[in-house]
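> Here is my input; please provide its structure:
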Amino acid sequence: MSTDGRAPQAHSTTGRSTTRWQRRALIALLIAVAVLLTAGCTGSTQPDDGVGPGPSAARCESVAGYDPEPDGRYEVLIVDRTASQAPRAMPPAVVERLRAAQEADRTLMLIGVDGPGIEPRLGRTLPLDPMPEKTSRRADDVRTLVLDCVQTWIEDDGLLPTATGSDQLAALAAAGRQQPEEILVISDGVSSSRLMDLAAIGYDSDAASVAAALSSAGVLPRLGGATVLWAGLGETTLALSEAARAGLETLWTHVLAAAGSTASFDRRFQSSEAGATAGFDGLPEDPMPSEEPFHLEGAGASCFRLPSGTVFGPNSTEVVSTAGLEQVAATLTQHPGWVAVVSGHVADYGPVDGQVPFSEARAHAVVRVLRDLGVPESVELVALGYGATRPVESEWVDGVHDEAAAAKNRRVDVLYGDPASVDPDMECAQG
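Numbering: from 1, shown residues only. This is a model prediction of the structure:
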């Protein structure tokens with residue numbers, strides 16, 4: 001019957017159900033509004049950052065559109081993409097410093113290394129923190145995107161070199177003109193700039209003399225106390241010996257100190273692609289010092305000539321690289337009964353009375369390594385030191401010291417042959 005009250009009851013249940021769903025919809029709406037407020041709807045007129053997972057090229061372009069502060073403090077990143085530089089991802093130490101620079105609200109400037117006599121390649125300049133003092137999730141995402149995009153920006157074609165060689169000094173000078181707080185360098189450090197052409201002066205040049213020559217010539221960068229972090233030193237397409245790496249670090253340490261900077265070198269990171277040349281087709285030539293021993297044929301005896309910088313660390317009598325000596329040892333091992341005279345020679349630096357003992361100590365060190373490499377006792381090894389008394393080239397021209405000539409004079413000669421053809425006082429044929 002219609003008078004039992006059931007119909008009104010059914011109507012009442014439907015009303016309560018509708019109210020319940022309305023409440024749920026209202027709660028969902030409030031949550032959505034709260035999320036939007038938390039994300040920080042700022043109404044900014046800055047470029048759309050397209051925040052999302054992964055740094056696509058389009059998204060990197062969007063954050064590159066933020067303008068730096070006119071009087072901002074600079075963090076300069078020097079990128080070496082010359083042909084001798086091994087390909088690499090962003091070194092971890094550089095990422096760490098960029099993150100710290102972002103927290104300090106610095107402006108990033110990118111500079112590419114080019115050849116000697118060419119102005120360095122200037123890349124992007126942008127704020128590392130495009131949304132300073134913002135604490136929203138969107139602002140944090142933009143900051144993360146900027147750091148992720150640095151790898152993309154250092155691969156811009158605009159940072160590729162246009163001329164032969166590598167002039168890291170010019171790039172450092174350009175960085176110094178910005179009066180930066182810090183300079184980050186990603187480079188193998190194999191310079192071919194004027195007065196610091198390593199293909200001519202070698203890895204073991206007298207670092208203090210090179211720095212003094214750069215200063216006298218007015219080409220020493222002025223870094224004004226900026227700190228320098230260098231990553232990738234010695235990471236070349238042709239893998240360097242430990243002796244060459246040690247020489248590079250010593251040389252750049254002195255040069256950067258003379259330029260008014262405190263330098264540190266990131267040794268944690270070595271490219272897994274050192275020795276690789278892929279991706280460098282079409283780049284200008286980038287000459288490197290040879291680390292191969294010279295083989296000089298004589299009428300009777302023959303000679304191996306090893307530049308000291310391929311065997312020893314700077315100003316050291318300890319053998320740190322044996323690659324060249326392994327070739328010498330293999331040759332001597334095949335000829336029992338032969339004689340080999342190992343003679344040490346130095347450049348004309350420092351007190352004369354120390355040159356002969358130093359060169360003799362290097363000769364004895366080479367003899368010990370040759371024995372360790374398997375040269376039998378049936379091969380007589382004689383160690384002699386001549387100091388700077390037997391130069392390949394004169395180092396002094398009109399009172400000016402020639403670093404390129406000094407590099408040729410710093411050497412170890414191994415004169416070898418049958419006993420009748422070898423005289424301990426003989427010299428290697430000139431080469």
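
> Give the closest residue to Asp348 in space, chain neighbours not counted.
Leaving aside its chain neighbours, Asp348 sits nearest to Ala388 (4.2 Å; criterion: Cβ to Cβ, 6 or more residues apart in numbering). Backbone N, C-alpha and C define where each C-beta goes, glycine included.

> meant to ask about Ala207, not that
His254 (3.7 Å).

> cool, and Met426?
With Cβ to Cβ, 6+ apart, the residue lying closest to Met426 is Leu415, at 5.9 Å.

> Count the residues that sit near that neighbour.
Leu415 has 26 neighbouring residues, counting by other Cβ atoms under 10 Å.

> pretty sure it contacts Arg305?
No: at 9.6 Å, Leu415 does not count as touching Arg305 under the criterion of Cβ atoms under 8 Å.

> Common neighbours of those two, please.
Residues touching both Leu415 and Arg305 by Cβ atoms under 8 Å, 6 or more residues apart in numbering: Cys428.

> For the residue nearest to Met426, what are phi and psi?
With angles defined as degrees, to the nearest 10, Leu415 sits at phi -90, psi 130.

> Against Ala388, how distant is it?
19 Å (Cβ to Cβ, to the nearest Å).

> partners of Leu381 in the sheet?
On the basis of DSSP bridges, Leu381 is bridged to Ala340.

> give the contact list for it.
340, 342, 367, 370-371, 375.

> for Thr125, what are its contacts?
68, 107-110.

> mind running it again at 10 Å?
For Thr125, the contacting residues are 64, 67-68, 72, 74, 76, 107-111, 178, by Cβ atoms under 10 Å, 6 or more residues apart in numbering.

> What ranges does the stretch 1-150 of the chain have for its strands?
With DSSP state E, counting those that start in this stretch as the criterion, the stretch 1-150 of the chain has strands at 74-79, 107-112, 121-127.

> and the ones you listed, which is most packed in?
strand 74-79 (a mean of 25; mean count of other Cβ atoms under 10 Å).

> What is that strand packed up against?
On a contact count with 3 or more Cβ pairs under 10 Å, 6 or more residues apart in numbering; DSSP states H and E, strand 74-79 meets helix 92-103, strand 107-112, strand 121-127, helix 137-153, helix 168-176, strand 182-186, strand 227-231.

> strand partners of it, parallel vs antiparallel please.
Under the rule (DSSP bridges), strand 74-79 has strand 107-112 (parallel), strand 182-186 (parallel) as partners.

> could I get the ones you listed as JSON lines with distance to Gln168 and mean pLDDT?
Output for these, formatted as JSON lines (distance: least, Cβ to Cβ, whole Å; pLDDT from 0 to 100):
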{"stretch": "strand 107-112", "distance to Gln168": "10", "mean pLDDT": "96"}
{"stretch": "strand 182-186", "distance to Gln168": "7", "mean pLDDT": "97"}
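
> Indicate which one of those strands is closest to Pro92.
strand 182-186 (11.8 Å; Cβ to Cβ).

> thinking again about what came up before, list the contacts for the residue nearest to Met426?
Counted by Cβ under 10 Å, 6+ apart, Leu415 has contacts 296, 298, 301-305, 339-343, 382, 384, 421-424, 426-429.

> so what's the closest residue to Arg410 other than its chain neighbours up against?
Nearest residue to Arg410 in three dimensions, chain neighbours excluded: Ser308, at 4.1 Å (Cβ to Cβ, 6+ apart). Counting by Cβ under 10 Å, 6+ apart, Ser308 makes contact with 202-204, 243, 247, 314, 316, 344-347, 359, 362, 407, 409-412.
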